[in-house]
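[1] Build me a structure from this.
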Amino acid sequence: MTKSVPGGTEGFGVEEGAWEEWNPTEDSVRPVRGRHRVAKQRGGLARSSTVLGVGVIAAVGAGGIATAQDKPAVTISLPDSITSALPDAGSLPGVGALISGDDSDEDENTSVDAPLTMAGVSAEEAQQGTTDAGEALRTRILLQAEQQQDAADAEARAAAEKAAADTAAAEAKKQQDAATAKAAAEKKAAEEAAKAEAEAERLAKLAAGYSLPTSSYTLTSHYGQSGSMWSSGQHTGLDFAAPTGTPVKAVHGGTIKSAGWSGAYGYRIVLELADGTEVWYCHLSSMSVTSGQVTNGETIGRVGATGNVTGPHLHLEVRTGGSTVDPLAWLRGKGLTV
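    From the prediction side, this is the model:
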């Protein structure tokens, strides 16, 4: 037997028997509170469509809402991305009951149109009450400031480390330069000491070949002094004041070039050395050798006061190349201590 089914299709087969038309009433239909609340919070759940979809799919299932009511409760597992976004489902108005399946009656006048301000807030922030957008912005600003401060501190530490490294390098260079300078100074001092020692040895050898012109003397007039007592206006030799008759010796081996009276010089002996240097002995009281070869230290005359003098003394002149030189420097250059 074929009957028309309201909202159905003609020819839909149904077994014959007791058959009534079903008219849903408020008493016969169990209200689906969860779905009702979802509809009323449409504006609030727009940003959490994933949660809504999961809830609806779990409620409807394969056979629809009415069929799902006759089946046992199904545990819904949400992805971590959703649970992290909703750490406490109970804190979201109307969503906690939707997920948990709680069918307890709620006051129809309860406001469910408030926005979901907890979306994107961590559990720690939720516990601290950090749900205000301004507070969240303040937190981000403080975090950014802290990160910038950390970067500035790191940069300052790097600059300080670089400065310390530069200072250490400069100090090391300074110490190295000081060590180099010290080594150079020590080397120079050693070289100078060696040079001085060699010069001393040379002078010692020279001194062995040279002698002082007299002994027991006092130096009175030096080379280059000015005065009216000298015809040239300057003293051309070195005066050894000593008692008359004090022996006068050859300063070095050589040849007697001349001996005799020489005006203002009194009695004078000229000794010529092998290198052409002439040594003049003047104001002598007497002359022991007047010609020929003499040896180093040999007595050739005696101190006197002949010629232009104010007292007994030996006037010693040294001439090289025809010009006078300082006798004191020349004698010291031969290793003699005058």
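[2] When you work out contacts or count neighbours from here on, use the C-alpha atoms and nothing else.
    Noted.
[3] What is the least confident helix or strand in this protein?
    Ranked by mean pLDDT, DSSP states H and E, the weakest helix or strand in the chain is helix 65-69, scoring a mean of 46.
[4] which residues touch residue 301?
    With Cα atoms under 8 Å, 6 or more residues apart in numbering as the criterion, the residues that contact residue 301 are 247, 248, 249, 284, 285, 286, 287, 288, 289.
[5] what do you get if the cut-off is 6 Å, keeping everything else the same?
    Remark: with contacts taken as Cα atoms under 6 Å, 6 or more residues apart in numbering, residue 301 is in contact with 248, 286, 287, 288.
[6] can you count the residues close to the last one?
    In terms of burial, residue 288 registers 14 neighbours under the definition other Cα atoms under 10 Å.
[7] That one contacts residue 300, correct?
    Yes. Counting by Cα atoms under 6 Å, residue 288 sits close enough to residue 300 to count as a contact (4.8 Å).
[8] residues shared between the contacts of these two?
    By Cα under 6 Å, 6+ apart, residue 288 and residue 300 have no common neighbours.
[9] follow-up on the earlier one: compare the contacts of residue 301 and tell me which is most surrounded.
    Going through the contacts of residue 301 with other Cα under 10 Å as the criterion, the one with the most neighbours is residue 248, at 23 neighbours.
[10] pretty sure that residue is in a helix, no?
    No. Residue assignment for residue 248, taken from DSSP: H, G, I helix; E, B strand; the rest coil, gives strand, which places it outside any helix.
[11] wait, isn't it in contact with residue 214?
    Yes. Checked against Cα under 6 Å, the pair residue 248 and residue 214 is within contact range at 5.1 Å.
[12] Including pLDDT, could the contacts of residue 301 go into JSON lines?
    Rendered in JSON lines, the data for these read as follows (pLDDT from 0 to 100):
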{"residue": "248", "pLDDT": "97"}
{"residue": "286", "pLDDT": "96"}
{"residue": "287", "pLDDT": "97"}
{"residue": "288", "pLDDT": "95"}
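[13] From these, pick the one nearest residue 329.
    Within the set of the contacts of residue 301, residue 248 lies nearest residue 329; the separation is 19.3 Å, counting by Cα to Cα.
[14] In contact with that closest one, which residues?
    Shown here is residue 248, whose contacts under the criterion Cα under 6 Å, 6+ apart are 213, 214, 299, 300, 301, 302.
[15] Residue 156 too?
    Contacts for residue 156 (Cα under 6 Å, 6+ apart) come out as none.
[16] Going by secondary structure, it is in what exactly?
    Residue 156 is part of helix 133-209 when elements are defined by DSSP states H and E.
[17] what do you get for residue 258?
    strand 254-261.
[18] what about residue 337, how many neighbours?
    Should you count by other Cα under 10 Å, residue 337 turns out to have 11 residues around it.
[19] Please apply the same query to residue 264.
    Around residue 264 there are 15 residues (other Cα under 10 Å).
[20] In contact with it: list those residues for me.
    Under the criterion of Cα under 6 Å, 6+ apart, the contact partners of residue 264 comprise 307, 308.
[21] Skip ahead from the helix or strand harbouring residue 271 and say which helix or strand is next.
    Assigning secondary structure by DSSP H and E places residue 271 in strand 267-272. Going down the chain from strand 267-272, the next helix or strand is strand 278-287, by DSSP H and E.
[22] how many degrees apart are that next one and strand 267-272 in direction?
    When axes from the mean of the first three to the mean of the last three Cα atoms, to 10 degrees is applied, the directions of strand 278-287 and strand 267-272 differ by 140 degrees.
[23] Could you measure from residue 180 over to residue 202?
    To residue 202, residue 180 is 32 Å away according to Cα to Cα, to the nearest Å.
[24] my bad, residue 324
    With the distance defined as Cα to Cα, residue 324 ends up 25 Å from residue 202.
[25] From what I see, residue 266 and residue 307 are in contact.
    Yes. Judged on Cα under 6 Å, residue 266 makes contact with residue 307 at a distance of 3.8 Å.
[26] joint contacts of those two?
    Taking Cα under 6 Å, 6+ apart as the contact criterion, the common neighbours of residue 266 and residue 307 are residue 283.
[27] related to what we said a few turns ago, partners of the strand holding residue 258, with directions?
    Listed by DSSP bridges, the sheet partners of strand 254-261 and their directions read strand 267-272 (antiparallel), strand 292-294 (antiparallel).
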